[in-house]
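Colleague: The sequence isn't on hand, but the structure is:
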Ligand SMILES: [Ca+2]
Ligand SMILES: [Ca+2]
């Protein structure tokens, strides 16, 4: 089963890096973009590229939208995002669709059009802009958290057998939230008690231990 | 001392909400936008509004850019962001400038123009798009973390006197990183040892404890 990414601009490429960093093989990603040069590039890095407008039924059929595991809409314009989302939803009533929009006022239109998750580009970066003034380190941490494969990563995963019965603070990973029976509890919620089988966690994990073999008292100048 | 926000679209408004949620009073925020209607709106919510192009020296002088504490550039177009950043930097060599750009290829141009922090709108939302497919809860957590004043918030703060000497996992807040002497260590770095005076932490805190007075065994149906 494949993931379809509509749009191979900055957003689409960044989405694909994120998919691959989180375990989706490149050959399970189908890219649709109207620009033949963009698709040449996608093909050259091992993705399956389709030239065409993802707002058209015939193009989405060529991408086997009926059998896709998920669809990501990374269009440059909000009107294009609406057309693509509507068309995908018409052809596949159950596939999860995530759509990005530039303007917050269009987010609800996208939900109406059938998107399950809507990411408002300007709102998220606006929040980061606001944080940057007094908390520049926070901005760096957020960018690290959402960039998979290095430093700190956010992960969603089910609880492991060895973790059942532990408190959320006893894990090696940092637990931020626990979803149990459709309800999401924050790390400090006393309702969590101890972890149960089938709990879904959102955790922060350090991608690889930093400097594992170096004694803590002798940092080398190169690392300063 | 005031913060200047250039652009009162979705990004600028969202940046301002974030500034206010993190403690900047509305009357210390000066908004510059070419649209008189946008500025009317800014004035009506207690901000100081200036109608004009923030890429022009005379307009930035009216905003007292020489004495600003920080400047946020939330323009809709990358070329406008460059003009504004260059002009701000020319008038005030030391003020921290954070600029958002749509396209990753322009991020370096903005740094060259004098921006201290550059937030790449499309790259960040692209990463979230990629995460949404397999980790939809992660996307919700990220949006919560960067939206101040509710749920989980990311904060940058110095270590408190009562925390000195503790391990980073012993705090009520969740510690993600420790900056000490200009060097940032991740939560799992053995170099952290115990917290030192003047350490700067990035923490996750729960904005208010959830349901503090409710016994954990009797959730009400309204909370399900
Ligand atoms: Ca990371
Ligand atoms: Ca929050």
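Modeller: Great, that's in hand. Bear in mind the structure is a predicted one, so any value in this text is a computation, not a measurement. Numbering: from 1, shown residues only, chains lettered A, B, ... in the order given. Ligands and ions are numbered 1, 2, ... in the order given.
Colleague: Which strand residues bridge residue A:30?
Modeller: Counting by DSSP bridges, residue A:30 is bridged to residue A:4, residue A:48.
Colleague: Which stretches in chain A count as strands?
Modeller: A:3-6, A:29-33, A:48-51, A:70-73, A:97-101, A:117-120, A:152-158, A:174-180, A:183-186, A:200-206 (DSSP state E).
Colleague: Run a quick neighbour tally on the closest residue to residue A:163 other than its chain neighbours.
Modeller: Excluding its sequence neighbours, the residue lying closest to residue A:163 (CB to CB, 6 or more residues apart in numbering or on different chains) is residue A:195, at 5.3 Å. C-beta: built from backbone N, CA, C; applies to glycine. Neighbour count of residue A:195, defined by other CB atoms under 10 Å in any protein chain shown: 21.
Colleague: now residue A:179, nearest residue through space, not along the chain?
Modeller: Nearest to residue A:179 is residue A:200, by CB to CB, 6+ apart, at 4.2 Å.
Colleague: isn't the one you found right next to residue A:158, touching?
Modeller: Yes. Residue A:200 lies in contact with residue A:158 (CB atoms under 8 Å); the separation is 5.6 Å.
Colleague: So which of those two has more stuff around it?
Modeller: Set residue A:200 next to residue A:158 and count neighbours by other CB under 10 Å: residue A:200 wins out with 16 against 12.
Colleague: so who does the more buried one touch?
Modeller: Going by CB atoms under 8 Å, 6 or more residues apart in numbering or on different chains, residue A:200 touches A:156-159, A:178-180, B:137.
Colleague: Take those residues and lay them out in TSV including distance to residue B:12.
Modeller: As requested, the contacts of residue A:200 are exported to TSV (distance: CB to CB, whole Å):
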residue	distance to residue B:12
A:156	32
A:157	37
A:158	40
A:159	41
A:178	36
A:179	34
A:180	39
B:137	29
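Colleague: Contacts only, for the residue of chain A found nearest ligand 2.
Modeller: In chain A, the residue that lies nearest ligand 2 is residue A:127 (9.5 Å; CB to the ion). Residue A:127 makes contact with B:14-15, B:17-18, B:146-148, according to CB under 8 Å, 6+ apart.
Colleague: most surrounded residue in those residues?
Modeller: Neighbour-wise, these (other CB under 10 Å) top out at residue B:15, 34 neighbours.
Colleague: how much space between the residue nearest to residue A:163 and ligand 1?
Modeller: 24 Å (CB to the ion, to the nearest Å).
Colleague: how far away is that residue from residue B:145?
Modeller: Residue A:195 sits 22 Å away from residue B:145, going by CB to CB, to the nearest Å.
Colleague: Repeat that for residue A:171.
Modeller: Residue A:171 is 19 Å from residue B:145, by CB to CB.
Colleague: hmm, back to that, from the contacts of residue A:200, which is closest to ligand 1?
Modeller: After measuring these against ligand 1 - CB to the ion - the closest member comes out as residue A:156, at 14.4 Å.
Colleague: isn't the closest one right up against residue B:139?
Modeller: No. Contact between residue A:156 and residue B:139 fails when scored by CB under 8 Å: they sit 9.2 Å apart.
Colleague: Out of the contacts of residue A:127, flag the one nearest to residue B:166.
Modeller: residue B:148 (25.6 Å; CB to CB).
Colleague: Identify the residue spatially nearest to the closest one, adjacent ones excluded.
Modeller: Counting by CB to CB, 6+ apart, the residue nearest residue B:148 is residue B:21, at 3.1 Å.
Colleague: For that neighbour, give me the pLDDT.
Modeller: Predicted confidence (pLDDT) for residue B:21: 87.
Colleague: how many other residues sit next to residue A:46?
Modeller: With other CB under 10 Å as criterion, residue A:46 counts 11.
Colleague: contact partners of stretch A:53-72?
Modeller: Contacts for stretch A:53-72 (CB under 8 Å, 6+ apart): A:1-7, A:12, A:15, A:28, A:30, A:32-34, A:50, A:52, A:73, A:75, A:80, A:83-84, A:86-88, A:90-92, A:95-99, B:129-130, B:132-133.
Colleague: same thing but at 6 Å, please
Modeller: When contacts are defined by CB atoms under 6 Å, 6 or more residues apart in numbering or on different chains, stretch A:53-72 is touched by residues A:1-6, A:15, A:30, A:32, A:34, A:50, A:52, A:83-84, A:87-88, A:91-92, A:95-98, B:129, B:133.
Colleague: now stretch A:12-25
Modeller: A:3, A:5, A:29, A:72, A:74, A:148-149, B:123, B:126-127, B:129-131, B:134.
Colleague: picking up where we left off before, what's the most distant pair in the contacts of residue A:127?
Modeller: Of all pairs in the contacts of residue A:127, the most separated under CB to CB is B:15 and B:147 at 12.2 Å.
Colleague: who in chain A is up against ligand 1?
Modeller: Taking CB under 5 Å from the ion as the contact definition, chain A meets ligand 1 at A:144, A:147, A:150-151, A:153.
Colleague: 8 Å instead, please
Modeller: By CB under 8 Å from the ion, the residues of chain A that approach ligand 1 are A:144-154, A:207.
Colleague: are any of those residues buried, and which?
Modeller: A:144-148, A:151-154, A:207 (16 or more other CB atoms under 10 Å in any protein chain shown).
Colleague: Lowest-confidence one in these?
Modeller: residue A:207 (77).
Colleague: wait, it sits on residue A:154?
Modeller: No. The criterion here is CB atoms under 6 Å, and residue A:207 misses it with residue A:154 at 11.0 Å.
Colleague: on that earlier part again, can you tell me the number of residues neighbouring the residue nearest to residue B:148?
Modeller: 17.
Colleague: Just the pLDDT for the closest residue to residue A:28 other than its chain neighbours.
Modeller: Using CB to CB, 6+ apart and skipping residues adjacent in sequence, the residue nearest residue A:28 is residue A:2, 4.8 Å away. Looking at residue A:2, its pLDDT reads 97.
Colleague: and if you look at residue A:220?
Modeller: For residue A:220, pLDDT reads 42.
Colleague: just residue A:124 next, same as before
Modeller: Reading off the model, residue A:124 has pLDDT 87.
Colleague: swap in residue A:224?
Modeller: 36.
Colleague: circling back: looking at the contacts of residue A:127, which one is closest to residue B:118?
Modeller: Among the contacts of residue A:127, and counting by CB to CB, the member closest to residue B:118 is residue B:15, at 14.0 Å.
Colleague: Identify the residue spatially nearest to residue A:130, adjacent ones excluded.
Modeller: Closest to residue A:130 by CB to CB, 6+ apart is residue B:18, at 2.5 Å.
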